[in-house]
Structures are given as C-alpha cells and as structure tokens.
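# I would like to see how this sequence folds:
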Amino acid sequence: MRLYTVHLRRHGLDPDRDLVAVKEGFCWPAFFFSVLWALGNGLWQVGLALLVAQAAIGGAIALLGLDPLSQAAASLGMAVIVGMLANDLRRWTLGRRGFDEAAVVAGGDADAALGRFLEDTPRLAADLRP
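Residues are numbered from 1 along each chain as shown. Okay, here's the model as predicted:
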C-alpha cells in the first residue's frame, strides 16, 4: 500500500476535476522525463523552471569542459532531485490552483485511495455529481 494525499477543490465538486490523489515518495516518470512529465500534468511553471535548470546545467557543463563521467553525474543528479521533488511540486501547484489537502490515505493506486477517502467521508461523496 502506498500513501496518497487527497486534494479537494470545494466549489463545484466534480469528481473528475475537483478531487486529486498525489502519491507520496519518488516519482519515476519525472525522473526519466522531467519536462515532459511536468507539461503532461499541467505544471507549466514547473516545466519552464525545469527547462531553464537543465539548460543552465548544460551551459555550466559546456563552460567548464567537464569529462563525460562528470557530465553523466551532473545529469543523473538533476534527474534524482527532480524525481524526489516532483510530487511535492505537483502538490504546490494544486495549492496554487485552489485545492486544499483534505487527507492522507493509503491505497494500492490513486483510484483505490480516492475510493477509500470517499468511503470515509460519505457526506462529501453524496455531494459529488456522477
């Protein structure tokens, strides 16, 4: 079982848009595809910041004339940092969009975690439109 934070935007209560589960921990898709992952999740500012950071690291590598092993280490280090911070950046973006963190729930996947959250909050589940 994994832990998920459930984020809720109270106005409207459309289950497809106003209820989001974000996994705690490392994000492998962000590790491998940082900018594409950010843009695919609608994290426009994060995607732009990652693009700028990667360009800055590429520029620093070229300016310093690092050997291939050092280049790989710098790129791998950037990817690890992005993977570790990705879900936190997603939570930050949700907060900026008006979502409140409603609960921390355990589940096998995001849908199971949302289902468990709705089981624990029947009044909220009754307000959701199918």
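# where along this structure do the helices fall?
Counting by DSSP state H, the chain forms helices over residues 28-32, 34-40, 44-64, 68-96, 110-120, 122-127, given from the N-terminal end onward.
# Just the angle for the longest one relative to helix 44-64, thanks.
Angle between the axes of helix 68-96 and helix 44-64 is 160 degrees (criterion: axes from the mean of the first three to the mean of the last three Cα atoms, to 10 degrees).
# what's the answer for the fifth one, then?
Using the same axes, to 10 degrees, one finds that helix 110-120 and helix 44-64 are set 140 degrees apart in direction.
# And helix 110-120, what does it pack against?
strand 2-8, strand 19-23, strand 100-107, helix 122-127 (3 or more Cβ pairs under 8 Å, 6 or more residues apart in numbering; DSSP states H and E). To be clear about C-beta, it is placed using only N, CA and C from the backbone, and glycine gets the same treatment.
# Partner strands of the third one, with direction?
Okay, so that is strand 100-107. In the sheet containing strand 100-107, the strands it pairs with under DSSP bridges are strand 2-8 (antiparallel).
# go on, the second one?
Under the criterion DSSP bridges, strand 19-23 sits next to strand 2-8 (antiparallel) in its sheet.
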